[in-house]
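J.: curious how this folds, go ahead:
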Amino acid sequence: MQRLGFALRDIKELVALRDNPRARTEQVQEWLQSKVAQLHEEIGRMQGIVEEIHVLLRHCPARRPARESPLFRVAK
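T.: Just a heads-up that it's a prediction; the model follows:
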């Protein structure tokens, strides 16, 4: 389960489902679908960060003092 990137909290939830005699596979499916949705949101957020970094790279002048990098204007 850790290979799939599940946090310890996630694994505890899944073990609780496994050990619950009343739990059904539909609950596992719902849990997995929720995880997929969370991952898609995280991927979207990360893609936005990558795009912002590419903009910074395009506007970063060459052979100038580091303080002139647009990164430091954004970080203020």
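J.: when you work out contacts or count neighbours from here on, use the C-alpha atoms and nothing else.
T.: Fine.
J.: which strands or helices does the helix or strand where Gln27 lies pack on?
T.: Assigned by DSSP states H and E, Gln27 belongs to helix 25-58. Here helix 25-58 touches helix 8-19, going by 3 or more Cα pairs under 8 Å, 6 or more residues apart in numbering; DSSP states H and E.
J.: and the contacts of the helix it packs on?
T.: Contacts with helix 8-19, where a contact means Cα atoms under 8 Å, 6 or more residues apart in numbering, come from 1-2, 23, 27-28.
J.: which of the residues in it are buried?
T.: 14, 17 (16 or more other Cα atoms under 10 Å).
J.: pLDDT below threshold where in the protein?
T.: 75-76 (pLDDT under 70).
J.: repeat that for 80
T.: 1-2, 74-76 (pLDDT under 80).
J.: circling back to that earlier point, run through who's touching the helix or strand just after the helix holding Gln27.
T.: Going down the chain from helix 25-58, the next helix or strand is helix 70-74, by DSSP H and E. Helix 70-74 has contacts (Cα under 8 Å, 6+ apart) with 56, 59-60.
J.: buried members of the residues you listed into PyMOL, please.
T.: Here is the PyMOL command that picks out the buried ones among the contacts of helix 70-74, judged by 16+ other Cα under 10 Å:
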select buried, resi 56
